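1. got a predicted model here, sequence first, then my questions.
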Amino acid sequence: MTLRFIDSGPARAGINMGTDEAILEAVADGLSPPTLRFYSWSPPAVSIGYFQGLEAEVDTDECRRRGVDVVRRVTGGGAVFHDDELTYSLILPDDGSVVSGGPLESYVTLCAGVIEGLRELGLQASFAPINDVTVDGRKVSGNAQTRKRGCILQHGTVLLGLDVDAMFSLLKVPDEKLRGRLVADVKARVASVSALRGSKVDYPEAARAFARGFSRALGADLLPRAATGGELVRADAIAREKYDSASWTARRP
Amino acid sequence: MRVSCVRKEPGGKLLRLSARVEEGRVLELRLDGDFFAHPEEAFEAAEASLAGCPVADFGIAFAEALAGSGVTLLGLSPAFVAESLLEAIAKASGEAP
């Protein structure tokens, strides 16, 4: 198998989500080949899952004060603060050629790319159901998947750095009385790749490692390409019409 | 009356259920959380279709609505949603859940 490989680098939240969706459309329409894409977030952003309530999960005033974007994903899963990380997306035909079995099996198959990328960085990682990857029991990667128009879209994060206090100033907690305990719990259970390796892993190094990791895990040759002009134009339109709009972001207020 | 609860399915995801229940019927229902369901729009159609459903029939009706539109759920089960509705009603009624 060959996979088109796009390294988009940093963009704002609406463009990041719009580009994933534009590529999904292009792959579904047979205009673009199956694709692995890497990207990051500038400015930092909070993304929430498709089914999450905005106000229950995000301190939107604090996000505005700090210049942090807020975006609702097309995938389920939880709220994520995207700052120092590598984000990937995989867009593949949902025809059983790469991914088969139930939803959990497909996470196992595709998260193997994250695990192999971490191995490239010298870390022994494992899949932690339902949708996480852990090193020594600490979460370094969260992943989310959906299926649309005959395609599978999985995107996920790899933490390169972590600021739990900043994260909790932007995200709400289920019970304010338990905030202190929750913050301590996350500090114990979540870790960045840089902290685990003991030296800084920056985006370019991570991109090289995870390109090799996904290639090996999926048995795919990567063809480095840019997104097509059509995809970029469509990504911009989807960002403006959908991901930047309050009607999408607050569809579950 | 308005009822709500926040519960995590064992081995699954967090569910924030809120509903309006009158005379043994669910009049409004909202199921938020970090679970996965696809097609997402079909899950939402099933969620909306339960308005007017008798509480006693809720579990079966929700499971049938999801199955009927081919929804795949991950991290949440219809049985857990039904159990959560009963717990939310019990909490709002002042009974021990």
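-> Good, I have the coordinates. Numbering: from 1, shown residues only, chains lettered A, B, ... in the order given.
2. so which residues of the stretch 1-150 of chain A form strands?
-> Using DSSP state E, counting those that start in this stretch, the strands found in the stretch 1-150 of chain A span residues A:2-11, A:35-41, A:45-48, A:69-72, A:80-82, A:85-93, A:125-128, A:132-135, A:138-148.
3. what angle separates the first one from strand A:85-93?
-> Strand A:2-11 and strand A:85-93 are oriented at 140 degrees to each other (axes from the mean of the first three to the mean of the last three C-alpha atoms, to 10 degrees).
4. ditto for the longest one
-> Using the same axes, to 10 degrees, the interaxial angle of strand A:138-148 with respect to strand A:85-93 works out to 30 degrees.
5. list the pairing partners of the helix or strand following strand A:138-148 within its sheet, with orientation.
-> Sequence order places strand A:151-159 as the next helix or strand after strand A:138-148, per DSSP states H and E. Partner strands and pairing direction for strand A:151-159 (DSSP bridges) are strand A:85-93 (antiparallel), strand A:138-148 (antiparallel).
6. out of those strands, which is the most enclosed?
-> For these, the largest average neighbour count (mean count of other C-beta atoms under 10 Å in any protein chain shown) is found in strand A:85-93, namely a mean of 24. Where C-beta positions appear, they are placed from N, C-alpha and C, glycine not excepted.
7. quick one, what contacts the spatially most central residue of chain B?
-> Central residue of chain B (C-alpha atoms, centre = their mean): B:V81, 4.0 Å from the mean position. Contact partners of B:V81, counting by C-beta atoms under 8 Å, 6 or more residues apart in numbering or on different chains, are B:L15, B:L17, B:L31, B:G59, B:F62.
8. return the helix or strand in chain A with minimum mean pLDDT.
-> Least confident helix or strand, chain A: helix A:179-189 with a mean of 93, by mean pLDDT, DSSP states H and E.
9. name the surrounding residues that touch it.
-> With contacts defined as C-beta under 8 Å, 6+ apart, helix A:179-189 is touched by A:G137, A:R138, A:K139, A:V164, A:D165, A:M167, A:F168, A:V173.
10. quickly list what the residue nearest to A:H82 when sequence neighbours are not counted is bridged to.
-> Spatial nearest neighbour of A:H82, chain neighbours left out: A:W41 (4.1 Å); criterion: C-beta to C-beta, 6 or more residues apart in numbering or on different chains. Beta-bridge pairing of A:W41 under DSSP bridges involves A:A11.
11. isn't A:W41 right next to A:G9, touching?
-> No: between A:W41 and A:G9 there is no contact under C-beta atoms under 8 Å: 10.4 Å.
12. same drill for the two, tell me which one is more crowded.
-> More crowded of A:W41 and A:G9, by other C-beta atoms under 10 Å in any protein chain shown: A:W41, with 25 against 12.
13. who's in contact with the spatially most central residue of chain A?
-> Centroid-nearest residue in chain A, with C-alpha atoms, centre = their mean: A:G156, separated by 2.8 Å. Residues near A:G156 by C-beta under 8 Å, 6+ apart: A:T87, A:Y88, A:S89, A:C111, A:V114, A:N131, A:S141, A:G142, A:N143, A:A144.
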